[in-house]
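Participant: Pasting a predicted model and its sequence here:
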Amino acid sequence: MTQETKHMNLWHQAARSTAIVGAVFVGIFTILLIANLIGSAVLGPSREKKLDSLKLQVQKDPTNETLVSEIRQLDLRIRRDRIWRLDFAHRTAHALLGSVLVLLIAGKIAYELGKEPPRPQHGTERGQMQVEEAKQARWAVAGGLAVLAIGMTLLGMTGWVRFAQAQDTGPAFASMQDKQMQWHRFRGPGGSGVSAYTNIPASWNGKTGEGILWKSPVPMPGRNSPVVWKDRVFLTGADPNVRQVYCFDANSGRLLWTGDVPTVPVEEKLELMEDTGYAACTAATDGRRIYAIFPTGDVAAFDFNGRRLWHKNLGVPDSAYGYAASLETYEKLVLIQYDQSDGTDGKSKMIALDGTNGQVVWEARRDLPNSWSSPIVVDVAGKPQLIAIADPNIVAYDPAKGTEIWRAECLGGDIAPSPIYAGGLVLAIEPYAQVVAVKPTGQGNVTKTHVAWKMEEGGPDICSPVSDGTYVYLLESADLLICCKLETGEKLYEQKIKSDFRASPSLVGDKLYILDMKGAMHIGQTGPEYKELGKCELGEECYASPAFADGRIYIRGVENLYCIGQAP
Amino acid sequence: MAFLMILLIPCVGVQGEIRFPPPEFESGYQLPSTTTPAAQPVWREYVDMAVLVASLLLASYLIHTRRSRRAIFILMIAALIYFGFVRDGCICSIGAIQNVTLTLFDSGYAIPIAASLFFVVPLVFTLFCGRVFCGAVCPLGAIQDAVLIHPVAVPRWLESGLRLLAYAYLGAGVLFAATGSAFLICRYDPFVGFFRLGTNWNILVVGVCLLLIGLFVGRPYCRFLCPYGVILRNLSRLAKRRVTITPTECIQCRLCENACPFGAIREPTGDWPEGEYRIAKRRLALFLVLFPILVAAGVWGGYSLKGQLARMHPRVRTAERVYLEETGQVEGTTDVSNAFRATGQTTDTLYADATQIRNRFAIGGALLGGFIGLVAGGKLIVLSVRRRRTEYEADPASCFACGRCYKACPKEHERLAKGAKAEARRA
């Protein structure tokens, strides 16, 4: 062995030994990193799960300081652990890379020094070999092409979404004609409380189950009324922490889906009157989407499959008894009467949101104080008008643009009953004081020119009126039903019905349906004299107005939703 | 060593997990507003460009004049450190293909001067000096070259087949950049995770696998995937000055035969076997007939995939998701569909945009398919044409100009010895 060879062997051994040392360090650092990763993967999620569960607990019991303190400590521990692990991983990763570098360099040197020198063989039949090589290469290209072709075929098999059908699904909202046949908002089309169907049951008993098609529990409380669109019934429910929209199958009563409506954190906790509750506003649908609003100012839209399409917080309304105005829809707009505070700070407004995305389409400032009545969209001589009432005005807007058409200054007090449009007159109620009828054909301030009549012998405090086009029926929450002539406002009778009422009266053909708080439906004859035709007990307290569909009534009790009628 | 590379995964993976939600303060503490990193100063771009040009000039000198593998290796490592670890693998000439493409197809996109120069300058150097960029300047090539320890020869036929992938990748990268869908080449850069010590797991796994393969197969990404390599490869055929194994004349000693780990050394051609000429003529005629058929098939295949390819575009993906939600074919919403609805745009607009993009993909897909057919057909024709070589030489297309083969040539040793003697005499 020459001196040079010995020298090379020494270098080779040194490089190999360095590579081995590098490999050992690589192994150690890798084990440390893997242990760190496993530690993060195992400990992290379990602690976070515990933190989430503690957060849920504290939502239910916000005053529990021990729980709050435990959450803070756990949160701190999780953060410290994460930061420590990241720091550790960072340092170890650098050490590992350094070790890898040593290993690579030493390994490369060891390989180069230990490499055998080239020993070329005798020449072969190059010509034949090169022909063979070219042949194999052609096959390889063909194979590569085949692989690409297979890849393209597999990709082609995945299919793709064609939008043609989507564009054929029709307009983004149901037509007015469709709406007339549904109960798409509070008190049905135009908020009139008039059923489009006359085949409505007149006899049932909630206790025995007679005439009850189904009864389903409603998960969360709420005083809003059912909204019905074909085979779906919608309700909302809420408590101080949770807001939900429910969709029931109209034929079976099965709860199809529950949609959660988020909110935004506020400084002061919202506390509302028990009588109003956290879900007083009735939802509304345009036949494509269901919209809901809550006293927290949260508005949300869901499609009929329960997907939340958008959510918007309008700010918590400053409402003395809690916000309670229900929604109305016009084409694809969601119309919100957002009356609040004393009307001097510019906070009250009428808002129109695009139902497809929640964007504000228009806003109309209303210098009016908080009110609890719901707006209505009615057809006046072929043109739509959005009518909203609050102290002291009845105001009509163009629902598409939000421009004011007319206003009449004739009301006062805390306005809760909603207006109706019947026999060419808009009827509005000032609680305990008067009923006012206005002809909606004017422009500008019509106080002196278009007020048709005033009936100043009191007016219902909560319940909205109903009219058959000849008479108007007014229901006071205590025990009094009043009937007036629609044309003149002349009072025809006052009928005592021994009960308390929160639900507004409804009209089915020539019958009045009056639901009391105990859940008894009083069915009376319309006309200049009252005649009770029947009384059907539900056996559960009721605050919401009933909804009417083809051959059915939907009534919300304090705990259950009832469907009265026949199976399809 | 393979095990070693696998163990690199956690080292990179942990760096990705650096974000977690801020604490839920209730003490009036104001969270600092989110800031975005400031744009990099312009001088940095000029430094990058200067380093690139200087590196290429130096690489050309080292490869063609100095003929020193050691010096080339040192330059390569320096480039790896600067363009890779210091500059985080960005900007790079490979990704610049997309910037150039986008600027050609989107009038609203202004290409940074650095991106355009990073694309053009290596091409110019390739035209004059061969693939000096690949050999000594590209950080992606350098990281693979650095880990190559025990090279194994890849059969030439396999290399021919696998190289098709690079063409397809180049075509796809150009298509998606031209349609504004994605910078595919950057998104799936397998080594950027190593440069930045952080990336997503899928890319990391691809990168680690390539480095594992790279321990035994020289520069697998450069040879079988690199889209920029495809352009350089074809330009280097026209290079004015090419890498030569021997500094003088070839003595047919065959010592260099296995010196190239990238299979770029071509041996002299032998005589044709008897009867092969006639068969070769018929074969060539067949492939010439097949050529337009392959191109047409590619055009049709690419066109048929317009819907699937268009899914790479975020607008199309959003449209498909929103459509599926609107028609009740999927449950729930996603952040993307919620974000779309929050914009206030109508679904009709979204669907119309998506349809328009798909139409662009119909043309682009057809061109991509046609390009793949063209390349495959062209390769079949080229592989059917007989070439003549009288000595061992570096294939200008495949040669990465790494300088490994120099020392395998006894003539090179002779040159070096003469040089040393001359130096000694001068001293």
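Facilitator: Good, I have the coordinates.

Participant: From now on I want contacts and neighbour counts done on CA atoms only, so please keep to that.
Facilitator: Will do.

Participant: And the residue nearest to residue B:68 when sequence neighbours are not counted, how far from residue B:418?
Facilitator: Leaving aside its sequence neighbours, residue B:68 sits nearest to residue B:62 (C-alpha to C-alpha, 6 or more residues apart in numbering or on different chains; 6.0 Å). Per C-alpha to C-alpha, to the nearest Å, residue B:62 is found 18 Å from residue B:418.

Participant: who has more neighbours, these two?
Facilitator: Neighbour count, other C-alpha atoms under 10 Å in any protein chain shown: between residue B:62 and residue B:418, residue B:62 has more, with 22 against 12.

Participant: Pop out the phi and psi values for the more buried one.
Facilitator: Dihedral pair for residue B:62: phi -70, psi -40, per degrees, to the nearest 10.

Participant: how about it, what does it touch?
Facilitator: Contacts for residue B:62 (C-alpha atoms under 8 Å, 6 or more residues apart in numbering or on different chains) come out as B:68, B:71-72.

Participant: Just the buried ones from those?
Facilitator: Those of those that meet the buried threshold are B:68, B:71-72, by 16 or more other C-alpha atoms under 10 Å in any protein chain shown.

Participant: residues from the stretch 251-400 of chain B in reach of chain A?
Facilitator: Counting by C-alpha under 8 Å from any C-alpha of the partner chain, the stretch 251-400 of chain B comes close to chain A at B:253-255, B:257-258, B:269-273, B:301, B:304-305, B:307-308, B:320, B:323, B:325-328, B:331-333, B:338, B:341-346, B:348, B:351, B:376, B:379-380, B:383-384.

Participant: returning to that earlier point: quick check: the residue nearest to residue B:68 vs residue B:246, distance?
Facilitator: 15 Å.

Participant: Now do the contacts for residue A:405.
Facilitator: A:395-398, A:442-444.

Participant: Count the neighbours of the closest residue to chain B within the stretch 351-500 of chain A for me.
Facilitator: Closest contact between the stretch 351-500 of chain A and chain B, by C-alpha to the nearest C-alpha, is at residue A:357 (5.0 Å). Residue crowding around residue A:357 was assessed by other C-alpha under 10 Å; the count is 23.

Participant: where does it fall, helix, sheet strand or coil?
Facilitator: Classification of residue A:357 using DSSP: H, G, I helix; E, B strand; the rest coil returns coil.

Participant: among the residues of the stretch 251-400 of chain B next to chain A, which are in helices?
Facilitator: Per DSSP state H, helices hold the following members of these: B:301, B:304, B:307-308, B:320, B:323, B:325-326, B:338, B:341-343, B:348, B:351, B:376, B:379-380.

Participant: On the three-state scheme, the closest residue to residue B:312 other than its chain neighbours is what?
Facilitator: Distance criterion C-alpha to C-alpha, 6+ apart; nearest residue to residue B:312, sequence neighbours excluded, is residue B:181 at 5.7 Å. The three-state assignment at residue B:181 reads coil, by three-state DSSP.

Participant: Can you show me the strands along the stretch 151-300 of chain A?
Facilitator: For the stretch 151-300 of chain A, the strands defined by DSSP state E, counting those that start in this stretch cover A:212-217, A:227-229, A:232-238, A:243-249, A:255-260, A:284-285, A:289-293, A:298-303.

Participant: and the third one, is it in reach of chain B?
Facilitator: Yep, that's strand A:232-238 we're talking about. No - under the criterion of C-alpha under 8 Å from any C-alpha, chain B is not reached by strand A:232-238; the shortest gap measures 15.5 Å.

Participant: end to end, how far does stretch A:249-266 reach?
Facilitator: The straight-line separation of the ends of stretch A:249-266 (C-alpha to C-alpha) is 35 Å.

Participant: Counting neighbours, which bits of it end up buried?
Facilitator: For stretch A:249-266, by 16+ other C-alpha under 10 Å, it's A:250-251, A:253, A:255, A:257-263.

Participant: and it, what's its mean pLDDT?
Facilitator: The pLDDT scores in stretch A:249-266 average 87.

Participant: contacting residues around that stretch?
Facilitator: Applying C-alpha under 8 Å, 6+ apart, the contact partners of stretch A:249-266 are A:213-216, A:230-233, A:242-248, A:296, A:298-300, A:302, A:305-308, A:311, A:313, A:563, A:567-568.
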